[in-house]
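# Whatever this is, show me its structure:
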Amino acid sequence: MRVFGKLNYLIISVAMALSLSTGLFANRPLDATVGCDCNPTQVIVQLLNSGDLPAVITQYGLEPTPAAQVGSPAVFLLKINQNVPNPPTPSQVVTAMTGDARISFAEVNRKLSQVETEGLAWTQGHSWAIGHSWAIGGSVKGLQFQWFPQRIHLNEAFAAAGTKGLRTDNGQPIVVAVLDTGIELTHPAFAGRLVDVADRWDFVDGDNDPSEVGILRTDSAFGHGTHVAGIVAQMVPDAKIMPLRVLDRDGSGELWRVTAALIWAANHGADVANLSLGYPQDVRLLHDLLDNLDPGTIPPATTFPELGTHRLAVAVAAGNGGNTTPVFPAAEQRDGMLSVAASTRYDGLANFASYDRSWVDVSAPGENIVSAIPGGRYGVWSGSSMASPIVAGIAALLKAQHPDPTTYPAPHDLLNKVVETSVDKRWNVLPPWGEVRLKRVDALCAVTSNLNCPIPANFGNNSGFEDFLVK
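Below you'll find the model as predicted:
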């Protein structure tokens with residue numbers, strides 16, 4: 001496995017020094033990190049007219065060559081000139097751009113994280129490092145006898161669909177992109193299940209080796225991507241997994257990486273993408289890209305010619321704050337995506353779940369899920385990161401069953417079927433949620449188009465209620 005010493009980024013070009021002085025930021029605070037959970041030297045800017053770029057660069061103290069560019073009107077990743085005394089912060093540059101008629105929007109290159117991260121108030125999660133040992137169910141036997149496939153009737157769904165991830169028209173595998181910390185490429189769970197090397201990419205190090213980086217039990221994020229991808233492999237064992245590394249060894253990443261990775265996934269044959277990551281504020285760039293991944297009848301304000309005609313259905317983890325605070329991109333609520341909360345083995349909402357009926361679409365099993373971890377082993381992890389790939393897997397199974405675009409013309413048609421065929425759930429529970437009204441996905445009901453999916457026999461009004469009492 002590769003360790004950590006690479007320096008080049010796919011999306012960042014070599015910086016060019018620009019010596020200039022400006023009075024725009026003369027009174028700014030000296031602390032260059034205040035108010036910016038973001039890349040400390042970059043801003044994202046969309047111009048109405050690309051011809052204004054040189055003047056905008058000069059006025060706001062930016063380097064003359066964009067680090068990257070996407071979309072139309074063009075969205076630029078721009079670097080703040082660091083070769084001047086006391087350079088401004090990204091937040092200050094974005095604030096200074098407010099009201100500039102040449103600029104459609106400006107935002108920081110926001111940091112984001114896997115949604116099972118210690119120390120983040122908006123997404124606390126349950127990882128192996130938080131009272132959940134890898135040793136619990138951490139074996140091939142534990143994998144084979146875990147609870148969630150029975151809960152969502154997965155084996156019955158395989159039989160009813162007549163496929164486990166191969167298209168029923170031509171026998172080619174459906175492709176699921178996993179945007180995460182990377183994966184252990186040599187793990188037995190992925191034998192014969194990965195896309196070709198040319199279709200993989202590491203957006204952290206800028207190469208086609210998206211291996212996870214870190215040390216087991218030392219780096220709390222290490223194993224996250226392997227575990228998530230392992231769930232996809234269980235859901236659609238004949239599909240291909242496209243590993244795209246967008247998160248560092250500490251589980252953190254940046255907005256532009258995710259944007260670049262989604263465009264890559266669409267252009268390299270992915271049918272479904274899974275995002276088990278999040279951040280606490282809305283952002284414009286990803287909002288616009290998600291609109292383009294599933295275009296509606298109204299053309300989006302920003303288009304992405306880079307996508308061509310490729311489209312993606314996207315499953316997004318809703319977070320683990322144990323509250324109603326929105327987590328993005330799950331709370332974006334765009335047509336071609338589903339936000340997924342974690343449910344328990346008792347079919348209750350997990351006590352750590354981020355949930356509000358205004359922005360969470362469905363739930364899926366996310367408690368003590370056995371899947372692959374580095375070292376060729378298996379372990380347990382809990383969180384919405386584990387629930388989201390289950391939904392991605394059901395979407396992939398539906399796409400394999402009905403690859404003809406007349407059945408599901410757009411990603412939202414596919415995802416609507418996942419929601420419509422889910423099990424209705426409703427409880428009155430303790431704060432902060434109050435009344436919970438949410439559907440739990442079911443693979444069998446999805447592939448049989450059962451709009452009246454039966455509630456399991458062991459499901460009752462108090463089923464899973466204890467999950468809300470233990471904090």
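
# Show me what counts as buried in the helix or strand S104 falls within.
Taking DSSP states H and E as the criterion, S104 maps to strand 103-114. Residues of strand 103-114 classed as buried: 103-114 (neighbour count, 16 or more other Cβ atoms under 10 Å). (C-beta placed from N, C-alpha, C; glycine too.)

# how about the nearest residue to the spatially most central residue of the chain, chain neighbours excluded?
For the chain, L275 is the residue whose C-alpha lies nearest the centre (Cα atoms, centre = their mean; 1.5 Å). Distances taken as Cβ to Cβ, 6 or more residues apart in numbering put V316 closest to L275, at 4.6 Å, once the chain neighbours are dropped.

# Same check on A265?
A177 (3.7 Å).

# Residues contacting the helix or strand harbouring the one you found, please?
If you go by DSSP H and E, A177 is part of strand 175-180. Surrounding strand 175-180, the residues in contact under the criterion Cβ atoms under 8 Å, 6 or more residues apart in numbering are 114, 195, 224-225, 228-229, 232, 236, 239-247, 258, 261-262, 265, 269-277, 312, 389, 392-393, 396.

# and the nearest residue to P173 once chain neighbours are set aside, what are its phi and psi?
Once flanking residues are discounted, P173 sits nearest to K240: 4.5 Å by Cβ to Cβ, 6+ apart. Here is the backbone geometry of K240 (degrees, to the nearest 10): phi -110, psi 140.

# Correct me if wrong: K240 contacts Q172.
No - counting by Cβ atoms under 8 Å, K240 does not reach Q172; the two are 9.0 Å apart.

# Who has more neighbours out of these two?
The residue with more neighbours, out of K240 and Q172, is K240; 26 against 12, by other Cβ atoms under 10 Å.

# sorry, back to before: format the CA atom coordinates belonging to the strand holding S104 as CSV.
The C-alpha coordinates for strand 103-114 follow below in CSV (Å, rounded to 0.1, in the frame of the first residue of the first chain):
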residue,chain,number,x,y,z
ILE,A,103,-19.5,38.0,-10.4
SER,A,104,-22.4,35.6,-10.4
PHE,A,105,-21.3,34.0,-7.1
ALA,A,106,-18.2,33.5,-5.0
GLU,A,107,-17.5,31.0,-2.2
VAL,A,108,-14.7,29.5,-0.3
ASN,A,109,-13.3,26.0,-1.3
ARG,A,110,-15.1,24.6,1.8
LYS,A,111,-13.7,21.7,3.8
LEU,A,112,-15.9,18.7,4.2
SER,A,113,-15.6,15.4,6.1
GLN,A,114,-16.8,11.8,6.3
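
# Work out the gap between that strand and the centre of the chain.
Taking the mean of its C-alpha atoms, strand 103-114 sits 15 Å from the chain's own mean (Cα atoms, centre = their mean, to the nearest Å).

# one step back: how much space separates the residue nearest to P173 from A353?
Using Cβ to Cβ, to the nearest Å, K240 is found at 30 Å from A353.

# what's the answer for S371, then?
Applying Cβ to Cβ to S371 and A353 gives a distance of 19 Å.

# export the strand holding A177 as PDB, just CAs?
In PDB, the C-alpha atoms belonging to strand 175-180 read as follows (Å, rounded to 0.1, in the frame of the first residue of the first chain):
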ATOM      1  CA  VAL A 175     -21.000   0.900 -12.100                       C
ATOM      2  CA  VAL A 176     -21.200   2.500  -8.700                       C
ATOM      3  CA  ALA A 177     -18.700   5.300  -7.900                       C
ATOM      4  CA  VAL A 178     -17.600   5.500  -4.200                       C
ATOM      5  CA  LEU A 179     -16.300   9.000  -3.300                       C
ATOM      6  CA  ASP A 180     -14.500   8.500   0.000                       C
END
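
# what helices or strands is the very next helix or strand once past it leaning on?
The helix or strand immediately downstream of strand 175-180 is strand 201-202, counting by DSSP H and E. Counting contacts by 3 or more Cβ pairs under 8 Å, 6 or more residues apart in numbering; DSSP states H and E, strand 201-202 packs against strand 240-245.

# after the strand it packs on, next one along is what?
Next along the chain after strand 240-245, taking DSSP H and E as the criterion, comes strand 252-254.

# List of residues touching whichever helix or strand comes after that following strand?
Following strand 252-254 in sequence order, the next helix or strand is helix 255-267 (DSSP H and E). Applying Cβ under 8 Å, 6+ apart, the contact partners of helix 255-267 are 10-11, 39, 42, 44, 68, 70, 77, 107, 109-112, 177, 179, 201, 203-204, 242, 244, 246, 273, 275, 277, 279, 283, 285-286, 289, 293, 304, 306-308, 310-312, 314.

# What subset of those is buried?
Buried residues within the contacts of helix 255-267, counting neighbours by 16+ other Cβ under 10 Å: 10-11, 39, 42, 44, 68, 70, 77, 107, 109-112, 177, 179, 201, 203-204, 242, 244, 246, 273, 275, 277, 279, 283, 285-286, 289, 293, 304, 306-307, 310-312, 314.

# Run the angle between the host helix or strand of A315 and strand 175-180 for me.
If you go by DSSP H and E, A315 is part of strand 313-317. With axes from the mean of the first three to the mean of the last three Cα atoms, to 10 degrees as the basis, strand 313-317 and strand 175-180 are set at 30 degrees to each other.

# so what strands line up beside strand 313-317?
Partners of strand 313-317 in the sheet, by DSSP bridges, are strand 272-275 (parallel), strand 337-343 (parallel).

# can you give me the mean pLDDT across it?
Strand 313-317 comes out with an average pLDDT of 97.

# What are the boundaries of the helices in the stretch 351-471 of the chain?
Remark: helices assigned in the stretch 351-471 of the chain by DSSP state H, counting those that start in this stretch are 384-401, 411-420, 443-447, 466-469.

# how about the ones you listed in TSV, adding distance to A159?
Shown next, in TSV, are the helices of the stretch 351-471 of the chain (distance: least, Cβ to Cβ, whole Å):
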stretch	distance to A159
helix 384-401	12
helix 411-420	18
helix 443-447	9
helix 466-469	31
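
# just those helices: most buried one?
When these are scored by mean count of other Cβ atoms under 10 Å, the highest mean neighbour count falls to helix 384-401 (a mean of 31).
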